[in-house]
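Asker: got a predicted structure plus its sequence, pasted below:
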Amino acid sequence: MKKLITALLITLACNHILADSRDCEGVQIADMNWESATFVAHVDQFILEHGYDCTAELVPANTQATGAAILQTGKPEIIPEFWWHAMKQEVEAAVASQKIIRIGSPLSEGGIEGFWIPEYMYQKAPELNTINGVIKNINLFSLNKNDGSKIPFYGCPKGWNCHISSKNLFEILDLDKAGFEYRTAASGPDLAISLQEAYEKKQPWFGYYWSPTPLMGKHKMTLVDFGSGINKELFESCMTKPDCKAPKPTMYPAPLVQTVVTTDFARNHPGYVKYLSHRGWTDAQMNELLAWMEANQADGDAAMEHFLKNYQSVWVKWVDGNAVRSIRKALRDL
């Protein structure tokens, strides 16, 4: 599969001068409904339009509906941030049949999932960065040490895939026997609020979370090591299934987060594909930008302008000199 994609990109690159001279009007970019994705979509739209004369339209999107649409209709042509596991089988089949191609990731380090504690807990007790250390020091997580009640482990909302995986891991790690209780969040905001409130009061917190997110940009957290390493095959085949027959401890593999484009778009506009395949943010950079968005109640458009004006040393590496000059001129006109 990698050889097929590489060969296609090489072929496209060889013809980029001719292909990119074709009309680039009415191209659709998926504007997904979470912070990092809408930010990336707005950056891509601005750079393609002002750096490469490609008039692109942002269209409201979500993973399942938009993933199905690009496979069935070829629209939108670009999904800047696609979390692969949500439609793994369907998308892999579409890649194999050359309907779409994957061209890099907006998250250069991938996403990070796992069980976390606040950094202030780790600083007081460094052994808490391992699951054995958490279990041995469970008293450090209790607000009422003498009432005998279970200590909450903050888990994902029902309906999220991480609800299944985190609950399977909670059980196989014997956290219930240790004295923790899996507490299902009512929603994503409910899970975030539990962490936010604990952090503000410097209280204990232990649970599932992921990065990049605004909250991870705002608060320093420590990932708890299970001591198991990562077994990707086990995780995908069993730990993400509600009827997992033989669960075993494994750290979360990095989620595959990639930019997806239609093969027709890539064939006709390889120069744009070159930009999309080169651009990307580290986990620290994205968390910082998402925290800025939350602090300033900024939408994707405002975050795009903030990024392009204040992080020029980052994005100038993604485009050629002519595009840099055009983008800078457009920024001055904002």
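Answerer: Noted; the coordinates are in hand. Numbering: from 1, shown residues only.

Asker: could you use CA atoms for every contact and neighbour count after this?
Answerer: Fine.

Asker: least trustworthy helix or strand in the protein by mean pLDDT?
Answerer: In the chain, the helix or strand scored least confidently by mean pLDDT, DSSP states H and E is helix 16-19, which has a mean of 41.

Asker: show me the longest helix that occurs in this structure.
Answerer: Once the chain is assigned using DSSP state H, the helix that runs over the most residues is helix 35-52.

Asker: what is that helix packed up against?
Answerer: Using 3 or more C-alpha pairs under 8 Å, 6 or more residues apart in numbering; DSSP states H and E as the contact criterion, the neighbours of helix 35-52 among helices and strands are strand 27-32, strand 56-61, strand 78-83, helix 270-278, helix 283-295, helix 300-310, helix 321-332.

Asker: out of those, flag the one nearest Ala198.
Answerer: In terms of C-alpha to C-alpha, the element of the helices and strands packed on helix 35-52 nearest to Ala198 is helix 283-295, at 17.7 Å.

Asker: quick one: mean pLDDT over the closest one.
Answerer: If you average the pLDDT over helix 283-295, you get 94.

Asker: got the angle for it vs helix 300-310?
Answerer: Regarding helix 283-295 and helix 300-310, their directions subtend 130 degrees when assessed with axes from the mean of the first three to the mean of the last three C-alpha atoms, to 10 degrees.

Asker: output the below-cut-off pLDDT ranges for the chain.
Answerer: 1-23, 86, 145-148 (pLDDT under 70).

Asker: spatially central residue for it, please.
Answerer: Of all residues in the chain, the one closest to the mean position by C-alpha atoms, centre = their mean is Gly111, 4.6 Å from it.

Asker: for it, what are its contacts?
Answerer: Counting by C-alpha atoms under 8 Å, 6 or more residues apart in numbering, Gly111 touches 210-212, 254-257, 283.

Asker: hmm, who's touching the longest helix of the chain?
Answerer: The contact list for helix 35-52, computed with C-alpha under 8 Å, 6+ apart, reads 29-32, 54-58, 80-81, 106, 212-213, 272, 276, 286, 290, 299-301, 303-304, 308, 322-327, 330.

Asker: among those residues, which ones are buried?
Answerer: The neighbour-count criterion (16 or more other C-alpha atoms under 10 Å) marks 29-32, 54-58, 80-81, 106, 212-213, 272, 276, 286, 290, 300-301, 303-304, 308, 323-324, 326-327 among those as buried.

Asker: tell me the SS of the closest residue to Arg279 other than its chain neighbours?
Answerer: In space, and not counting its chain neighbours, Arg279 is closest to Trp318: 5.4 Å by C-alpha to C-alpha, 6 or more residues apart in numbering. Secondary structure for Trp318, judged by DSSP: H, G, I helix; E, B strand; the rest coil, is coil.

Asker: turn the helices and strands packed on helix 35-52 into a markdown table, columns for distance to Glu200.
Answerer: Listed next are the helices and strands packed on helix 35-52 as a markdown table, based on distance: least, C-alpha to C-alpha, whole Å:
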| stretch | distance to Glu200 |
| --- | --- |
| strand 27-32 | 30 |
| strand 56-61 | 34 |
| strand 78-83 | 31 |
| helix 270-278 | 38 |
| helix 283-295 | 15 |
| helix 300-310 | 25 |
| helix 321-332 | 37 |
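
Asker: which one of the ones you listed lies closest to Asp174?
Answerer: Comparing these by C-alpha to C-alpha, strand 78-83 comes nearest, at 29.7 Å.

Asker: run the angle between the closest one and strand 56-61 for me.
Answerer: Between the axis of strand 78-83 and that of strand 56-61 there is an angle of 40 degrees, by the same axes, to 10 degrees.

Asker: strand 78-83 vs helix 35-52, what angle?
Answerer: Going by the same axes, to 10 degrees, strand 78-83 makes 150 degrees with helix 35-52.

Asker: still on that earlier bit, just give me how far the longest helix of the chain sits from the chain centre.
Answerer: With C-alpha atoms, centre = their mean, to the nearest Å as the basis, the distance from the averaged C-alpha position of helix 35-52 to the chain average is 16 Å.

Asker: how close does Ile101 sit to Glu90?
Answerer: Using C-alpha to C-alpha, to the nearest Å, Ile101 is found at 13 Å from Glu90.

Asker: and those two? Which one has more around it.
Answerer: For Ile101 against Glu90, the residue with the higher neighbour count under other C-alpha atoms under 10 Å is Ile101, and the figures read 25 against 13.

Asker: need the three-state assignment for the more buried one.
Answerer: When states are read from three-state DSSP, the local structure at Ile101 comes out as strand.

Asker: quick one, helices of the stretch 101-250 of the chain?
Answerer: Taking DSSP state H, counting those that start in this stretch as the test, the helices found in the stretch 101-250 of the chain are 119-124, 131-136, 161-172, 175-178, 188-201, 214-218, 232-234.
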